[in-house]
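**Student:** With the input below, show me the fold.
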Amino acid sequence: MQISHDERQRELVDRAIQSLRIELNIHHHRGLYRKIGRTTTEFSADASRLGSWSKSYPVSLLADQLVEEMIIPFENQHADYHFLGQQYDRQLISRQWEFISTIRHRLVSRDFRELFDVSSHSGRVCYELHFVLQMYLTKRSNKPLIVDLSHLTEAGSVQRALISQLLNEMLVIRQRSARAKEDMFPVELVIDEAHRYLPVDQRQLADNGVFRLLREGRKADLSLLITTQSTLDLPDRLRSQFATVLIHHLASVDELSYLHYQQLPTVELSTGEVFLLHHGLSPQKWQVIAPPNG
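**Tutor:** Reported below is the predicted structural model:
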């Protein structure tokens, strides 16, 4: 779920998520973490107990918890700065009310509920996505892990934010394993139609999970293969991170010029034929053979 590019709003969301994690994992209560009248010492103690094991939180309460984050001391002689706050900051809440309402509506939308499955299911086992990623990236497996985002085709901003978050999460998990000198093994990631998941504003590319994984993934034994219909869909900063490129039929001179191979005869390629481009080598024509069934 893409929240906002406003730093103040992103900070509020981060704080609200932390509060919900405390209430669920430390206080063992599925509810709001009330901050009015809570001392800074008590809050610091609660926050210090959070760990990588305590990432779960009731996302359906996020909008209400945002309100609990907007508090201030009394504005008179009774102000006590040992508390996180003593009253709601009604002016701030009023300014952020449209943002809070947007979060609330997104949380109850059909796409969100289907994708994140926030409803409880009696007698059915469900696994939190972070746990699935953790297991897949730290335990060897011969089976692929497929994340299907087809339900979000019409919600481009949500798709982009989700893929970015997933790839950033994968990178963090593997970097943590590398620092702990755990058994490392190569993991290959494939993103189909990758242009759908790149930020519209290229100034945000540096923080995007696709770009970060391309730059930093090699040290964590992560490799990435992406497909796209047109080379023009990929920012130059992103394209430069790839050492190997496979080109199928391209009829546009602009698309070839973008790769600095204007004279490459891609229009002559038959079905299944590709040109292999690799740094330091001349282009080679290959035939792609489909794997056998089963």
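
**Student:** counting contacts, what elements does the longest helix out of those in the chain pack onto?
**Tutor:** Counting by DSSP state H, the longest helix found in the chain is helix 156-179. In terms of contacts (3 or more C-beta pairs under 8 Å, 6 or more residues apart in numbering; DSSP states H and E), helix 156-179 is packed against helix 129-138, strand 187-191, helix 209-216, strand 222-226. C-betas here are computed from N, CA, C, even on glycine.

**Student:** Could you identify which of these is most buried?
**Tutor:** helix 209-216 (a mean of 19; mean count of other C-beta atoms under 10 Å).

**Student:** what comes into contact with it?
**Tutor:** With C-beta atoms under 8 Å, 6 or more residues apart in numbering as the test, helix 209-216 has contacts from 163-171, 175, 189, 191, 194, 197-198, 205-206, 222, 224, 226, 237-238, 241-242.

**Student:** just to revisit the earlier point, now distance to Leu66 and mean pLDDT too, for the helices and strands packed on helix 156-179, in TSV please.
**Tutor:** As requested, the helices and strands packed on helix 156-179 are exported to TSV (distance: least, C-beta to C-beta, whole Å; pLDDT from 0 to 100):
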stretch	distance to Leu66	mean pLDDT
helix 129-138	22	84
strand 187-191	32	92
helix 209-216	24	88
strand 222-226	34	90
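
**Student:** among these, which is nearest Glu68?
**Tutor:** With respect to Glu68, and counting by C-beta to C-beta, the nearest of the helices and strands packed on helix 156-179 is helix 129-138 at 24.1 Å.

**Student:** can you state the direction angle for that closest one and strand 187-191?
**Tutor:** 130 degrees (axes from the mean of the first three to the mean of the last three C-alpha atoms, to 10 degrees).

**Student:** In ChimeraX, select just the buried ones from the contacts of helix 209-216.
**Tutor:** Listed next is the ChimeraX selection for buried residues among the contacts of helix 209-216, using 16 or more other C-beta atoms under 10 Å:
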select :163,164,166,167,168,169,170,171,189,191,194,197,198,222,224,226,238
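
**Student:** Would you map the strands across the chain?
**Tutor:** 71-72, 87-88, 187-191, 222-226, 244-247, 273-278, 284-287 (DSSP state E).

**Student:** how close does Arg8 get to Arg95?
**Tutor:** 10 Å (C-beta to C-beta, to the nearest Å).

**Student:** Over to Gly217?
**Tutor:** 40 Å.

**Student:** got it, and Val267?
**Tutor:** 56 Å.

**Student:** do the same with Asp236
**Tutor:** 39 Å.

**Student:** more neighbours, these two?
**Tutor:** Arg95 (12 against 9; other C-beta atoms under 10 Å).

**Student:** returning to what we had before: would you reformat the strands of the chain as TSV and include distance to Asp14?
**Tutor:** As requested, the strands of the chain are exported to TSV (distance: least, C-beta to C-beta, whole Å):
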stretch	distance to Asp14
strand 71-72	16
strand 87-88	20
strand 187-191	26
strand 222-226	25
strand 244-247	37
strand 273-278	41
strand 284-287	47
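
**Student:** Which residues are in contact with Arg237?
**Tutor:** Arg237 neighbours (C-beta under 8 Å, 6+ apart): 202, 205, 211.

**Student:** Mind picking the one among those that's closest to Arg140?
**Tutor:** Phe211 (27.5 Å).

**Student:** how near is that closest one to Ser44?
**Tutor:** Relative to Ser44, and taking C-beta to C-beta, Phe211 is found at 35 Å.

**Student:** For the stretch 1-150 of the chain, which segments count as helices?
**Tutor:** Here the stretch 1-150 of the chain has its helices, by DSSP state H, counting those that start in this stretch, at 7-21, 40-48, 62-69, 90-95, 97-107, 110-116, 129-138.

**Student:** JSON lines for the ones you listed, including distance to Ala251?
**Tutor:** Output for the helices of the stretch 1-150 of the chain, formatted as JSON lines (distance: least, C-beta to C-beta, whole Å):
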{"stretch": "helix 7-21", "distance to Ala251": "43"}
{"stretch": "helix 40-48", "distance to Ala251": "57"}
{"stretch": "helix 62-69", "distance to Ala251": "48"}
{"stretch": "helix 90-95", "distance to Ala251": "52"}
{"stretch": "helix 97-107", "distance to Ala251": "40"}
{"stretch": "helix 110-116", "distance to Ala251": "36"}
{"stretch": "helix 129-138", "distance to Ala251": "39"}
